[in-house]
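In: With the sequence up front, the predicted model follows.
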Amino acid sequence: METKKKSSHPHPVLSQAKNNSTHWIGHLQTDPTDHFAGQTFACPAEGQLDNIQLYSSAVQNAGEVIMTLHEFDPNTKNWGPSIGSSTLEVQKGDNDRWIRFGLPPVFLHKDVTYGFRVQANNAMVGLGEAATGTKQPFTFGHEWSADSRNQRGHYYSYFSLAFKVELHTNN
């Protein structure tokens, strides 16, 4: 994780680019269970959101991926209502690349915890993630994993999706 200095152009204010594992979202045609993923993060700066990027490590089945952004209460682990969403089509050739979810201009506040959730409709997509093993947990937030049978899901501090949050900030 790294934080960058402020600029009027959109730039990553939070970036977790390590990728040594894969978290699958969507479902196989033979499995009716939908799998979801998400990530919470304490925003290290304030500014207008431009986009959130995820690392796509594999695309088993092409299709629609939906991201929703929420305020998140880390104490009660409750997601607030959606404050923005973005939908994009992933293709079989979208392996090993950053996919960009352009989100509506929402103002994010410094030190407030937010979270995004992703789901795949009629697709099976592997998202890059980092697993720290027995090393220090990630301190900026938690990875979230859920499925259609357990939509509350589980939170992990030793895993993080590979993601970037880009904001327009003021100097």
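Out: Cool, got the structure. Numbering: from 1, shown residues only.
In: List the buried residues in the one helix or strand residue 55 maps to.
Out: In this structure, residue 55 sits in strand 47-61 according to DSSP states H and E. If you call a residue buried by 16 or more other Cβ atoms under 10 Å, then strand 47-61 has these buried ones: 47, 49, 50, 51, 52, 53, 54, 55, 56, 57, 59, 60. (Each C-beta comes from the backbone N, C-alpha and C, glycine too.)
In: Adding distance to residue 80, write these out as a markdown table.
Out: A markdown table is the format used below for the buried residues of strand 47-61 (distance: Cβ to Cβ, whole Å):
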| residue | distance to residue 80 |
| --- | --- |
| 47 | 19 |
| 49 | 15 |
| 50 | 21 |
| 51 | 20 |
| 52 | 16 |
| 53 | 22 |
| 54 | 21 |
| 55 | 26 |
| 56 | 27 |
| 57 | 29 |
| 59 | 30 |
| 60 | 32 |
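In: from those residues, which is closest to residue 13?
Out: Compare each of these with residue 13 using Cβ to Cβ and the shortest gap goes to residue 47, at 7.1 Å.
In: low-scoring stretches of this structure, by residue?
Out: The chain contains residues with pLDDT under 70 at 1-8, 171.
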